[in-house]
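Q: show me how the following folds:
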Amino acid sequence: MIGSLCAAFALAACSQNANKPAAAAACVSEDPSMVVATSKSKTVTLKEVDELVGKELKEIEKQKFQMRAGAAEQLIVSALVKEQAAKAGKTEDEWFRSQIEGKVQDPPDAEIQKVWDEAKDKMPPGATLESMRPQIIAFITKDKRREVAMKFQEDMKKQSGFELKIAPPAEPRVQVEAKGPAKGPADARVTIVEFSDFQCPYCSRAEGTVDQVMTEYAGKVRLVFRHFPLPFHEHAAKAAEAAACANEQGKFWDLHKQLFANQQKLGLEDLKAHAAVVGLDAAKFAECLDQGKMKATVDADQEAGKKVGVNGTPAFFINGVMLSGAQPIAEFERVINQELAAAK
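A: Okay, here's the model as predicted:
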């Protein structure tokens, strides 16, 4: 049990290529001129192969580092838990659970009611709010418990003087135009360009991490938001247009927050209702949305994302270094700290 509690959680993202097969492992030799395959009419070199699958190979190297780093952290945390559990006279599972119990409160009735109202049509026949209350509470608190457990592990590592001795592979860097609604100083040493989708649950989950980053690195980081509505999210494109319309009235971040908080209600009339909640001029907003005035803006963001390799959301570019998916705060800190150190 303790292994599963302390294991690193899988990164998640809404992706257009969820079933894409992994690339083959890299060749042992790195000599670009090495011949890797021949036929009667063709000779293939390592350089040609890497030009075709180089991006996938780099991703594999990154994943290999992350797996090794995660395993090293798990071994350290497991040893710390074992040590503390022994001191307390408890099993490792008992001690670990005792450290996180009580740190996640049951959600208020209003939040439980909201989940029930949104999902009651999909509930089993005869189900009532009261009969489903335990399952709804478990659903709402699942991510919160996960976050508390991860933070506790991070705190344990810091207090133990944990230091990772293996270096990550060199980060590929791409040029991404920082164009769009922004937070943070224009002259910040680190700029994060986020490509996101208002209907993507992983994008919503990443918002808490982004807020934490902006608080932790206040004055040092600038965040720029760009749209990347995925084609299989029915309402994502229009929601993106709605946010762009709100930006025209200086209320992008207000509507941004409202949309992520109401991902199950992103139909056209819902968008107009959300606009009213955040105080937008209703007539101007409706005209902008109904006439598709911001479609070109959203399309331009999508094309920009595709050009730099975005195929799922959320996707972040930290000074051009890509982080894909709803990654933990530690991954953002790693890249940001590297960039801040290099800028000194």
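
Q: lowest-confidence helix or strand of the protein?
A: helix 2-6 (a mean of 44; mean pLDDT, DSSP states H and E).

Q: now the element after that one, going C-ward?
A: For helix 2-6, the following helix or strand on the C-terminal side (DSSP states H and E) is strand 14-15.

Q: can you list the strands that that next one pairs with?
A: Strand pairing for strand 14-15, determined by DSSP bridges: strand 312-313 (antiparallel).

Q: what's in contact with the partner strand?
A: 13-18, 195-197, 200, 202-203, 228, 230, 324-325 (CB atoms under 8 Å, 6 or more residues apart in numbering). Bear in mind the C-beta positions are built from the backbone N, C-alpha and C, glycine included.

Q: show the buried residues in those residues.
A: Neighbour-count burial (16 or more other CB atoms under 10 Å) applied to those gives 13-15, 195-197, 200, 202-203, 228, 230, 324-325.

Q: now do the helix or strand where residue 47 lies, average pLDDT.
A: According to DSSP H and E, residue 47 maps onto helix 46-88. With pLDDT averaged residue by residue, helix 46-88 scores 91.

Q: show me what that helix is packed up against.
A: Counting contacts by 3 or more CB pairs under 8 Å, 6 or more residues apart in numbering; DSSP states H and E, helix 46-88 packs against helix 2-6, strand 35-38, helix 92-100, helix 129-159.

Q: what ranges in the protein fall below the confidence cut-off?
A: For the chain, residues meeting the criterion pLDDT under 70 lie at 1-12, 16-29.

Q: name the residue most distant from the centre of it?
A: Seen from the C-alpha centroid of the chain, the residue lying at the greatest distance (CA atoms, centre = their mean) is residue 40, 47.7 Å away.

Q: which of the three states applies to that one?
A: Of the three states, residue 40 takes coil according to DSSP: H, G, I helix; E, B strand; the rest coil.

Q: distance of it from residue 108?
A: Note on residue 40: its distance to residue 108, by CB to CB, to the nearest Å, is 73 Å.

Q: and residue 163, how many neighbours?
A: Neighbours of residue 163 under the rule other CB atoms under 10 Å: 7.
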